[in-house]
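>>> Just the structure for this:
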Amino acid sequence: MTEKILIREFIKDKKVGAVFSTGRYVIKKMLENIDFDKANLLVEYGPGKGVITTHLLERMHKDAVLFVFETNERFIKELLKIRDKRLVIINEDAEYALTILKNRYKISKVDYVISTIPFTFFDRRKRRRVISKTYNLLNENGKFITYQYTGLVYQHIKQKFHQTRVMAAVLNIPPAIIFTGIK
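Presented below is the predicted three-dimensional model:
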């Protein structure tokens, strides 16, 4: 999938938050927060065309599982091209991850949640709900890792999580902020 298609989906679908794919520098910095030897259950919100997804799968051990939540039909088609038995694609809003994982898959806790969903597109209540449900989905010491282009989610993460880390990814174009909430 070319960047042209990503731009088209950004214009067409108001839930798509990026014009360009996540840069390598941001991916590298986000993945540094994950202990892949101990990561058994991972969730990704808003995988788009699967740029971070493929990096996660490359590093995950053979028994780990990655659940991705994507609402854009075009991106779902791209994700379906990734042939990996550890990948579970769910065509639902990230807000419902906790309920879906519990009811469909009998999973109540995960080790990591990685997110690229555009929290700036959500109203304050939805931002709080998604972050709160994410917190409830995580194991003790589980991590929520997201990158954003503004600091809008910082207060929500800081209020909910026991520990919060912030890192500026200035080498990314445009510069991004990586937030890590530790339960």
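
>>> Not counting its neighbours along the chain, what's nearest Asn40?
Ala64 (5.3 Å; CB to CB, 6 or more residues apart in numbering). C-beta here means a position set from N, CA and C on the backbone, and glycine is covered the same way.

>>> And the one you found, its phi and psi?
Main-chain dihedrals, Ala64, degrees, to the nearest 10: phi -80, psi 160.

>>> What residues does it make contact with?
Taking CB atoms under 8 Å, 6 or more residues apart in numbering, we find Ala64 in contact with Phe36, Ala39, Asn40, Leu41, Leu42, Arg86.

>>> which of those residues are buried?
Buried by 16 or more other CB atoms under 10 Å: Ala39, Leu41, Leu42, Arg86, out of the contacts of Ala64.

>>> ok, what's across the strand from the second one?
In this structure, Leu41 bridges to Val65 when assessed by DSSP bridges.

>>> which helix in the protein runs the most residues?
helix 124-137 (DSSP state H).

>>> List the pairing partners of the following helix or strand past that helix within its sheet, with orientation.
Remark: after helix 124-137, the chain's next helix or strand is strand 138-148, criterion DSSP states H and E. Here strand 138-148 has these sheet partners by DSSP bridges: strand 110-115 (parallel), strand 176-182 (antiparallel).

>>> Please put the alpha-carbon coordinates of the first one into PDB.
Meaning strand 110-115. The C-alpha coordinates for strand 110-115 follow below in PDB (Å, rounded to 0.1, in the frame of the first residue of the first chain):
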ATOM      1  CA  VAL A 110      -2.800  -8.400  28.500                       C
ATOM      2  CA  ASP A 111       0.800  -7.400  28.800                       C
ATOM      3  CA  TYR A 112       1.000  -4.400  26.400                       C
ATOM      4  CA  VAL A 113      -1.300  -2.100  24.600                       C
ATOM      5  CA  ILE A 114       0.300  -0.200  21.700                       C
ATOM      6  CA  SER A 115      -1.700   2.600  20.200                       C
END
